[in-house]
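J.: My questions are about this predicted structure, shown below with the sequence.
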Amino acid sequence: MNLSEPKSRRQTILLSAWEVFAAYGFRRTSMQDIADKAGISRPALYLEFNNKTDIFRGLAKSIFRQNIANVEEVFATDDLLKDKLLKALVISFADFYQQIENTPHGEELLSVKTELASDIYLDWLDDIKSTICSGIQKACEAGDVDIGNSGVGAEEIARIVINTMHGSKSRQTSEVELRNQAENVVTLVMAAMSQNS
């Protein structure tokens, strides 16, 4: 999983937890398994996290926080809006799905995410939407695109993009299909903007 380099014991635990969850699944993983992988004692693990659910939620927050940082980096470049938007969607949906899909317990981890971290996931979707909205607004201000005559604002465009990608991901399509969907979404959005420029 794409997390920043370990900077603390907490981050080391989260990285270790990801490896153990990916190898054995959430339900079969014990706190001792995570402690062993992290190279710490079980009591030391409990100083950082209350239980396995707490670790999973911490892992979800860390993963989604890193994803937002990656997407913000994409939108900070001088690339064209269509390229930024496609990169952001691929990073957030296709690449993430591929990492989960390539683990022996990917389906279970996605299910557990829904059970234990749905609020974190929904907050992440809102953050991605806000980042895309801001990117569209900046492109409009720079004169790169014009959505003024469309009757649809940047926030609504971002909401449509995220809802479309979320719907595709929730159907658990393949990573290749998610990449294709991202390309289709960007093509449609850019075509709509081009009509009004």
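T.: Great, that's in hand.
J.: Following the chain past the helix or strand harbouring residue 156, name the next helix or strand.
T.: Using DSSP states H and E, residue 156 falls within helix 154-170. Moving toward the C-terminus from helix 154-170, the next helix or strand (DSSP H and E) is helix 175-195.
J.: Residue 72: what's it in contact with?
T.: residue 131 (CB atoms under 8 Å, 6 or more residues apart in numbering). Every residue, glycine included, has its C-beta placed from N, CA and C.
J.: Next one, pLDDT for it please.
T.: Residue 72 carries a pLDDT value of 97.
J.: tell me the strands in this protein, going along the chain?
T.: Counting by DSSP state E, the chain forms no strands at all.
J.: the helices in it, which residues?
T.: Taking DSSP state H, the helices of the chain run over residues 9-24, 31-38, 42-48, 52-75, 81-89, 96-101, 106-116, 118-141, 154-170, 175-195.
J.: what about those, which gets the closest to residue 148?
T.: Checking the helices of the chain against residue 148 by CB to CB gives helix 118-141 as the closest, at 7.7 Å.
J.: lowest-pLDDT helix or strand in this structure?
T.: helix 96-101 (a mean of 84; mean pLDDT, DSSP states H and E).
J.: Pull out the buried positions in that helix.
T.: The neighbour-count check on helix 96-101 (16 or more other CB atoms under 10 Å) flags 96, 97, 98, 99, 100 as buried.
J.: Let's see that helix as PDB, backbone CA atoms only.
T.: Provided in PDB are the C-alpha atoms of helix 96-101 (Å, rounded to 0.1, in the frame of the first residue of the first chain):
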ATOM      1  CA  PHE A  96      -6.000   1.600  -5.300                       C
ATOM      2  CA  TYR A  97      -8.200  -1.200  -6.600                       C
ATOM      3  CA  GLN A  98      -5.300  -2.900  -8.200                       C
ATOM      4  CA  GLN A  99      -3.400  -2.900  -4.900                       C
ATOM      5  CA  ILE A 100      -6.300  -4.500  -3.100                       C
ATOM      6  CA  GLU A 101      -7.100  -6.900  -6.000                       C
END
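J.: chain center to that helix: distance?
T.: 10 Å (CA atoms, centre = their mean, to the nearest Å).
J.: Outside of that helix itself, which residues are in contact with it?
T.: Contacts of helix 96-101 (CB under 8 Å, 6+ apart): 1, 2, 63, 67, 106, 109, 110, 169, 174, 175, 178.
J.: Could you rerun that using 6 Å?
T.: 1, 106, 109, 175, 178 (CB atoms under 6 Å, 6 or more residues apart in numbering).
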